[in-house]
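Colleague: Just to be clear, the model below is a prediction. Sequence and coordinates:
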Amino acid sequence: MTIKDIPLREKCIIFIGFMGVGKTTIGSEVAKKLYRDFYDVDVEIEKKYGMSVKEIFNTFGEEEFRKKEKEMIFKLCEQRLNIISLGGGAFLQSEIKERCLKDGIVFFLDLSWDSWKDRISMLIDSRPILQGRTLEEIEDLFHSRQKIYSLHHSRVETDALEIEEIANYIVDSIKLAWDLYEPHK
């Protein structure tokens, strides 16, 4: 059976968005509610290398990290029923974007710049792409990445919402889509 033959109910659910928007936290919660396995691609890569993403960038470079990221995402997309959180830069690779959109259900977690910058102190040390950048440069990066995330199946605005509210909304949306597009016989 090829991936395109996988029923909608069994496709992977994939979370995209800028770093620190809550993809891992929300994805993990959605996975619990749907009784599925959850994978954070960055965490899976860290396990493979035995070091943090920042250390991987410093030791092997971004190109090596992106190569491993693509391999990991393709492997996870080939399986059924996974919930996957992508790193903020994964969708920069057109092959990843195309594969996720074709073989999964992609949710864009959209957080405004004003809400996101309130989280910067928690993110700055662990995100290599933010290292040595001014706030203005980070804001430019944030806005440029928004265009990359514009291709998705569903956009969820997360400002001022609790994790549980967002997860419930996503689960309800998925179940509605399943019932509309693949009703039980």
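Modeller: Received the coordinates, thanks.
Colleague: Residues contacting stretch 123-143, please?
Modeller: The contact list for stretch 123-143 (Cβ atoms under 8 Å, 6 or more residues apart in numbering) reads 18-20, 52-54, 57-58, 62, 88-89, 113, 116-117, 120. Placement of C-beta: from N, CA and C, glycine included.
Colleague: For burial, what's the neighbour tally of the closest residue to residue 31 other than its chain neighbours?
Modeller: Using Cβ to Cβ, 6 or more residues apart in numbering and skipping residues adjacent in sequence, the residue nearest residue 31 is residue 38, 3.6 Å away. Residues within reach of residue 38, counting by other Cβ atoms under 10 Å, total 19.
Colleague: can you check residue 100 too?
Modeller: The number of residues packed near residue 100 is 25, by other Cβ under 10 Å.
Colleague: in what helix or strand does it lie?
Modeller: helix 94-103 (DSSP states H and E).
Colleague: What's the first helix or strand after that helix?
Modeller: Stepping forward along the backbone from helix 94-103, the first helix or strand reached (DSSP H and E) is strand 104-110.
Colleague: and that following strand, C-alpha only, in CSV?
Modeller: Taking Å, rounded to 0.1, in the frame of the first residue of the first chain, the C-alpha atoms of strand 104-110 are listed here in CSV:
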residue,chain,number,x,y,z
GLY,A,104,-0.2,14.3,6.2
ILE,A,105,-2.6,16.8,7.7
VAL,A,106,-0.7,20.0,8.4
PHE,A,107,-1.7,22.4,11.1
PHE,A,108,-0.1,25.8,11.2
LEU,A,109,0.1,27.1,14.8
ASP,A,110,0.0,30.8,14.4
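Colleague: Residue numbering should commence at 444 henceforth.
Modeller: With 444 as the first residue, the last one maps to strand 547-553.
Colleague: Just checking: what are the partner strands of it?
Modeller: Strand pairing for strand 547-553, using DSSP bridges, gives strand 455-459 (parallel), strand 597-600 (parallel).
Colleague: where does this structure have its least confident helix or strand?
Modeller: None of the helices or strands of the chain scores lower by mean pLDDT, DSSP states H and E than helix 563-566, at a mean of 75.
Colleague: Check which residues of whichever helix or strand comes after that helix are buried.
Modeller: Next along the chain after helix 563-566, taking DSSP H and E as the criterion, comes helix 578-591. Within helix 578-591, the residues that count as buried by 16 or more other Cβ atoms under 10 Å are 581, 584, 585, 588, 591.
Colleague: Just the CA atoms of helix 578-591, as CSV, please.
Modeller: Provided in CSV are the C-alpha atoms of helix 578-591 (Å, rounded to 0.1, in the frame of the first residue of the first chain):
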residue,chain,number,x,y,z
LEU,A,578,15.4,41.8,18.2
GLU,A,579,14.8,43.5,14.9
GLU,A,580,16.6,40.7,13.0
ILE,A,581,14.6,38.1,14.9
GLU,A,582,11.4,39.9,14.0
ASP,A,583,12.4,40.0,10.4
LEU,A,584,13.0,36.2,10.6
PHE,A,585,9.7,35.7,12.3
HIS,A,586,7.8,37.5,9.6
SER,A,587,9.7,36.0,6.7
ARG,A,588,9.0,32.5,8.0
GLN,A,589,5.2,33.3,8.2
LYS,A,590,5.2,33.2,4.4
ILE,A,591,6.7,29.7,4.5
